[in-house]
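Enquirer: task: produce atomic coordinates for the following.
(2 chains)
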Amino acid sequence: MRREVPIVICFLAGLSFILEYFIPHQSVRPFFENFRQWAIIVMTFAYVLGISNIVRVNYHVIHRKGRDWFYKIILIVGLFFMIIMGVFFGGIGEGTVFFWMYNNAYSPLQSTMFALLAFFIASAAFRAFRVRTFQASLLAITALIVMLGRVPVGENVWKSFPDLVEWIMNVPQLAGKRAIMIGAALGAISTALKVLVGLERTYLGGE
Amino acid sequence: MAFYEKLMTMDRRVVYITMALAVAIPLFVPFQVPIHTTSEVKSVYDFIESLKPGDRLLIAIDYDPNAMAELHPMALTICRQCFAKGIKLFFVTLSQNGPGMAEQLVSRLSKEFNKKNGVDYIYLGYKPYPGLVILSMGQNFRISFPMDYYGTPVDSMPIMQGIRNYDDMKAVIAFEAGWVADSWIGDANGRYKLPVALGLTGVMTADYYPYIQSKQIIGLMGGLKGAAEYETLAKAKDRIASRGMKVQTITHIVVILFIIVGNIGFFMSRRKKL
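Expert: Predicted structure coming up:
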């Protein structure tokens, strides 16, 4: 029963979403709408689980004074500080402590982390784009053309550079991307069907 | 160590310092770069230009502060164009850290254009699980958003009178830094035929070209370049992205030079071995 019940629930839930797509009739809409609301409510509990998990995992590290324990304290304090400010001190709109913290602490920190990517990309490109084989040469040459074409200097080098880049993006790139997308979609459909009929059970754990 | 070996095994700190200079110097040196506009950006601009005062647009701010440099300028320019034309905007965010981004945008533009919340625009706020929210908005906005971001019941607002679902919107302009874009295309457009235009981060852009050719999206603006193109088309006064293109141009050239230098070293080492 421990396996059969979840498989039946999964089958019925999946089937309802498929039926909803193929039966867009007014009379059955409220049923499917309720079903979707349930899904949102059930999934919202993931936040509660997420918070409790973060607290549990980090509390153990802090308690043992494990690696980077001091940062874990900052994490937990930050988590609850933002929750308390958002819930009890004026909400989350403009002019609140929450919004000030978002604009002046969270936003610049996250932007900084993302900006560091430019340095890693430069270093990785320097090491990775070596024309060792024919395929690697094709990749490197295409990358150089697209990189030049994505900035205005390409147009100064050769007037038709942007057109060449657009052609690369709209023909070979698009063909390759579409092939990958169709392949991935077929794979996703077959995996979904296997989950629905109970052939794929790894989501239950243990198998 | 031979010269070519030095080229090949350049210390990464040299790469980092060069990149830092390539980013910083253009910010202090006054020069402009020409912006070439592409068809995929122009089609978004033309679509918004074709709208009439009183038309309604859904604006999805689905990005976090990490994508702010690329997506905020294009969101600002498009919203300014819409407010100037008298288009009513319905803001929504389906990214966890998006509410702050949307709040920044809404509060700044409403003051700039003297627009009233609930009359000229509405900020519906954030709900988790984008796919389900997008589907539910296709039935009725009130299912996921019975209240706006500030806790006011949406039915008490004049802008929501007679509004039910996507049928009442001209399109959604979705600014995306993640997979929510797929849901706007697959669910909002595929299921409910809502026209979709995308503003994307640079790294995502290539993934969404197939949807232009299949006409599932009106067009797309890719990264800082897309934002700069839109600013050029809209003749924007505050050209944040166009200024950023100076930096992007120099850094791209630096990366290209690094690739060339690395390969020169590689070829010289191969010739030595032969």
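Enquirer: which non-adjacent residue is nearest residue A:51?
Expert: Excluding the flanking residues, the one nearest residue A:51 by C-beta to C-beta, 6 or more residues apart in numbering or on different chains is residue A:79, at 7.2 Å. (Glycine included, C-beta is placed from N, CA and C.)
Enquirer: quick check: phi and psi on residue A:86?
Expert: phi -70, psi -40 (degrees, to the nearest 10).
Enquirer: tell me if whatever helix or strand residue B:90 lives in is near chain A.
Expert: Following DSSP states H and E, one finds residue B:90 within strand B:88-93. No: for a cut-off given as C-beta under 8 Å from any C-beta of the partner chain, strand B:88-93 has no contacts with chain A; the smallest distance is 12.0 Å.
Enquirer: any idea how far residue A:202 is from residue A:189?
Expert: 18 Å (C-beta to C-beta, to the nearest Å).
Enquirer: sorry, that was for residue A:153
Expert: In terms of C-beta to C-beta, residue A:153 sits 44 Å off from residue A:189.
Enquirer: neighbour count: these two, which is higher?
Expert: residue A:153 (17 against 10; other C-beta atoms under 10 Å in any protein chain shown).
Enquirer: which is the succeeding secondary structure element to the worst-scoring helix or strand of chain A on mean pLDDT?
Expert: Least confident helix or strand, chain A: helix A:153-157 with a mean of 77, by mean pLDDT, DSSP states H and E. The helix or strand immediately downstream of helix A:153-157 is helix A:161-170, counting by DSSP H and E.
Enquirer: tell me what that next one is packed against?
Expert: helix A:134-149, helix A:153-157, helix B:209-213 (3 or more C-beta pairs under 8 Å, 6 or more residues apart in numbering or on different chains; DSSP states H and E).
Enquirer: deepest of those, which one?
Expert: Comparing the helices and strands packed on helix A:161-170 by mean neighbour count (mean count of other C-beta atoms under 10 Å in any protein chain shown), helix B:209-213 comes out on top with a mean of 19.
Enquirer: I would like the residues contacting that helix, please.
Expert: Residues outside helix B:209-213 that contact it (C-beta atoms under 8 Å, 6 or more residues apart in numbering or on different chains) are A:169-170, A:173-174, A:177-178, A:181, B:40, B:185, B:198, B:217, B:219-220.
Enquirer: check whether the residue nearest to residue A:51 really touches residue A:50, as I assumed.
Expert: No: counting by C-beta atoms under 8 Å, residue A:79 does not reach residue A:50; the two are 10.3 Å apart.
Enquirer: domains in chain A, as residue ranges please.
Expert: Domain assignment for chain A, taken from automatic domain parsing, gives A:4-117+A:198-204, A:118-170.
Enquirer: do chain B as well
Expert: B:3-24+B:248-273, B:39-241.
Enquirer: so can I have JSON lines of the ones you listed showing mean pLDDT?
Expert: JSON lines is the format used below for the domains of chain B (pLDDT from 0 to 100):
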{"stretch": "domain B:3-24+B:248-273", "mean pLDDT": "86"}
{"stretch": "domain B:39-241", "mean pLDDT": "93"}
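Enquirer: could you look over those domains and pick the most buried one?
Expert: domain B:39-241 (a mean of 20).
Enquirer: end-to-end on it?
Expert: One end of domain B:39-241 to the other measures 18 Å (C-alpha to C-alpha, to the nearest Å).
Enquirer: sketch out the low-pLDDT regions of chain A for me.
Expert: A:206-207 (pLDDT under 70).
Enquirer: and the helices in it?
Expert: A:4-22, A:29-64, A:69-88, A:97-101, A:107-115, A:117-128, A:134-149, A:153-157, A:161-170, A:172-196 (DSSP state H).
Enquirer: in the last one, what counts as buried?
Expert: Read it as helix A:172-196. A:173, A:174, A:177, A:195, A:196 (16 or more other C-beta atoms under 10 Å in any protein chain shown).
Enquirer: which of those residues come close to chain B?
Expert: Okay, of the buried residues of helix A:172-196 touching chain B (C-beta under 8 Å from any C-beta), that's A:173, A:174, A:177.
Enquirer: ok, and the closest non-adjacent residue to the first one?
Expert: Across the structure, with C-beta to C-beta, 6+ apart as the measure, the residue nearest residue A:173 apart from its sequence neighbours is residue B:206 (5.9 Å).
Enquirer: again, but for residue A:89
Expert: Per C-beta to C-beta, 6+ apart, closest to residue A:89 is residue A:97, 5.4 Å.
Enquirer: ok, the most centrally placed residue in chain A - contacts?
Expert: What sits nearest the mean C-alpha location of chain A, by C-alpha atoms, centre = their mean, is residue A:114, with 15.0 Å. By C-beta under 8 Å, 6+ apart, residue A:114 lies in contact with B:66, B:67, B:69.
Enquirer: try residue B:143
Expert: A:33, A:37, B:136, B:137.
Enquirer: now it: phi and psi?
Expert: Here is the backbone geometry of residue B:143 (degrees, to the nearest 10): phi -60, psi -50.
Enquirer: same question for residue B:196.
Expert: Per degrees, to the nearest 10, the backbone of residue B:196 is at phi -120, psi 130.
Enquirer: likewise for the one 3 residues further on?
Expert: Residue B:199 has phi and psi values of phi -110, psi 120 when expressed as degrees, to the nearest 10.
Enquirer: looks like it contacts residue B:177 (just checking).
Expert: No: applying C-beta under 8 Å, one finds residue B:199 not in contact with residue B:177, separated by 9.5 Å.
Enquirer: what do those two both touch?
Expert: Residues touching both residue B:199 and residue B:177 comprise residue B:71, with contact defined as C-beta under 8 Å, 6+ apart.
Enquirer: is it true that residue B:128 touches residue A:40?
Expert: Yes: applying C-beta under 8 Å, one finds residue B:128 in contact with residue A:40, separated by 7.3 Å.
Enquirer: who does the residue lying closest to residue B:90 once chain neighbours are set aside bridge with?
Expert: In space, and not counting its chain neighbours, residue B:90 is closest to residue B:58: 4.9 Å by C-beta to C-beta, 6+ apart. Beta-bridge pairing for residue B:58 (DSSP bridges): residue B:90, residue B:172.
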